[in-house]
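[1] predicted model follows, preceded by the sequence.
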Amino acid sequence: MRYRPFGRSGAAISNLTLSLGFDALSRGPAEVKELIYSALEAGINAYRLETADPVLAEVVGQALSHIDRKLVCVSLAMGRGDGRRGHERDFTAEGMTGAIDRALHVSGLGWIDLALLEEPGEDELPQASLNALKALRSTGRVRLLGVAGDGEVMDAYVSTGAFDVLATPYHVNSEWKVRNRIRTAREHDMAIFAYDYFPDALNTAKKAAASDQEQKRGWFGFGGKKKEGPLAGAGTFAFLHQTPHWDAESICLAYTLTEPSISSVVVRADDPQRLAVLADITERDMPPGLAAQIEMARVSAKAA
């Protein structure tokens, strides 16, 4: 496992962050603990709780109880409601403070390294909520504040200077808006977490071979002509599924790790075996010429 600086915190964070939520918990507490132990053995020192559910927090706290707390980074997603009773989306000052305090109480972690607000809307964070987050940070219950999402409103949240971390989708075909947002976040000394490194649009050979603008049409899908450009049709992402000794997901993860601004990539794993495969990718360098193929495919897709 390789490590990178975690923004202005001064800490070092593993290239991979293991995300744990209800899917992992549904397999039982023992399975979650085994997965965390495997992650620790692989050198992963960053963990994201997808929910403030007390059961998940307790299991994670137990699994990490024998590790020097200063050596691991634990983030907690806020506002990630799933519609179930007791797990509704809540960005109120009382809701976020209560969720963090409950998670700390049952987990014994001592503090949350990062409170990460999941896709807050333009009007979802009143001043009272921001003040509550700052109070949590000033008392040491939370070390850093972050915001996650890919909507236009993220630009406004990044520009406020109120957050320490940006979590954003990032992959081989990310738009310039995302890339520019990452640059802006770094200019504000924010650490960057990447997720959705292997999007659904590229997860099969057929999807990867199709340009995202292959069938340009007129209004309402009728008429119009396919836009032509000097690079139209010059390349697609089909090679992701055709590269010897590499699968498409591995290439996408390896590519995301080539972005120096990214501190860590958020991954999910159902079992220790899959986690080991993902961890192994961090030690591999992409084959020569693959980065150029990715760039050609990106440009071609936009020119098509």
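    Received the coordinates, thanks. Residues are numbered from 1 along each chain as shown.
[2] quick one: contacts of stretch 189-199?
    Residues outside stretch 189-199 that contact it (CB atoms under 8 Å, 6 or more residues apart in numbering): 5-9, 13, 17, 19, 116, 144, 146, 148, 158, 163-171, 173, 182, 185-186, 248-249, 252-253, 255-256, 259, 261-267. Where C-beta positions appear, they are placed from N, C-alpha and C, glycine not excepted.
[3] can you flag the buried ones in those residues?
    The neighbour-count test (16 or more other CB atoms under 10 Å) marks 6-7, 9, 13, 17, 19, 116, 144, 146, 148, 158, 163-171, 173, 182, 185-186, 248-249, 252-253, 255-256, 261-267 as buried among those.
[4] next step: these restricted to strands.
    Of the positions in these, 13, 17, 19, 116, 144, 146, 148, 165-169, 262-267 sit in strands, assigned by DSSP state E.
[5] what's opposite the most centrally placed residue in the chain in the beta bridge?
    For the chain, the residue nearest the mean C-alpha position is residue 195 (2.7 Å; CA atoms, centre = their mean). When bridges are called by DSSP bridges, residue 195 pairs up with residue 169.
[6] do you know how far it is from residue 287?
    Distance of residue 195 to residue 287, given as CB to CB, to the nearest Å: 25 Å.
[7] do the same with residue 46
    Distance, residue 46 to residue 287, using CB to CB: 27 Å.
[8] how about residue 159?
    The gap separating residue 159 from residue 287 is 38 Å, by CB to CB.
[9] again, but for residue 11
    On the measure of CB to CB, residue 11 and residue 287 end up 32 Å apart.
[10] residue contacts, residue 208?
    Counting by CB under 8 Å, 6+ apart, residue 208 touches 201-202, 236-238, 240-241, 248.
[11] show the model's pLDDT score for residue 141.
    Per-residue confidence at residue 141 stands at 95 (pLDDT).
[12] that one against residue 111, yeah?
    Yes. Between residue 141 and residue 111 there is a contact at 5.8 Å, judged by CB atoms under 8 Å.
[13] now for these two: what residues contact both?
    Residues within reach of residue 141 and of residue 111 at once, by CB under 8 Å, 6+ apart, are residue 104.
[14] just the pLDDT for the closest residue to residue 166 other than its chain neighbours.
    Closest residue in space to residue 166, ignoring its immediate chain neighbours: residue 185 at 4.2 Å, by CB to CB, 6 or more residues apart in numbering. The model reports residue 185 with a pLDDT of 95.
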